[in-house]
Structure formats: C-alpha cells, structure tokens
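[1] here you go, sequence then predicted model.
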Amino acid sequence: MKNKKLIHFSAIQHVYKRKNAEGQPVPFSLKFVKLSTGEIIKANNVVCTSDNSFLKTLNIKFLDSKEIRKIRQTSIIEINETEVYL
C-alpha cells in the first residue's frame, strides 16, 4: 500500500503563502469542495491573492484563465497532492 501524504489544516497557509526569491507568489494546486453542490473542484496552477484569517477564506487566482474565486479554507481537501486533515 502506498503511503499517503498528509498535511494538517493549520499548516496549509505555509503552502499558499509561499513566495519565490523575487517576492512573487509560488503557484500551487488544490482540491476543494464546492459547498453548494458538494462537487470537488480541482484548481491547478493557482496563486493566493489574499486571505482573511478571521473569515477563514482566501481568494485564489487561476493563472491560466485569470479567474479569481473566493473559497473557504475549511473546504480544501488537498493541496499540492497532499491530503488535508483536521
């Protein structure tokens, strides 16, 4: 059986807030659950444009389409192919 990679929910901010040497956000991928339908959304090649730690939300920008979406941090189930647990 293959070992699953896991990351605790409290540590995901270290992934989506990473910056490169020039101070630019580092792209990442994630999967999150769309709360209205329960659909799992795959988001590849995205960056975090802002986050709200009080509301536990973040805005992600899809670099390919330039679309920006607001998601709840608690809806994230995977980040960089690593399963998120609470």
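    Perfect, thanks for sending it. Numbers count the residues shown, from 1 in each chain.
[2] remind me which residues of this protein are low pLDDT?
    For the chain, the stretches with pLDDT under 70 are 1-2.
[3] where along it do the strands fall?
    With DSSP state E as the criterion, the chain has strands at 6-8, 28-33, 40-52, 57-62, 68-72, 76-79, 82-85.
[4] now the ones you listed in JSON lines, with distance to E22 and mean neighbour count?
    For the C-beta atoms, the positions are set from N, CA and C on the backbone; glycine is no exception. Converted to JSON lines, those look like this (distance: least, Cβ to Cβ, whole Å; neighbours: other Cβ atoms under 10 Å):
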{"stretch": "strand 6-8", "distance to E22": "26", "mean neighbour count": "12"}
{"stretch": "strand 28-33", "distance to E22": "17", "mean neighbour count": "19"}
{"stretch": "strand 40-52", "distance to E22": "13", "mean neighbour count": "14"}
{"stretch": "strand 57-62", "distance to E22": "17", "mean neighbour count": "18"}
{"stretch": "strand 68-72", "distance to E22": "21", "mean neighbour count": "14"}
{"stretch": "strand 76-79", "distance to E22": "22", "mean neighbour count": "18"}
{"stretch": "strand 82-85", "distance to E22": "25", "mean neighbour count": "15"}
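[5] for N20, which of those is the nearest?
    Of all the strands of the chain, it is strand 40-52 that lies closest to N20, at 10.7 Å by Cβ to Cβ.
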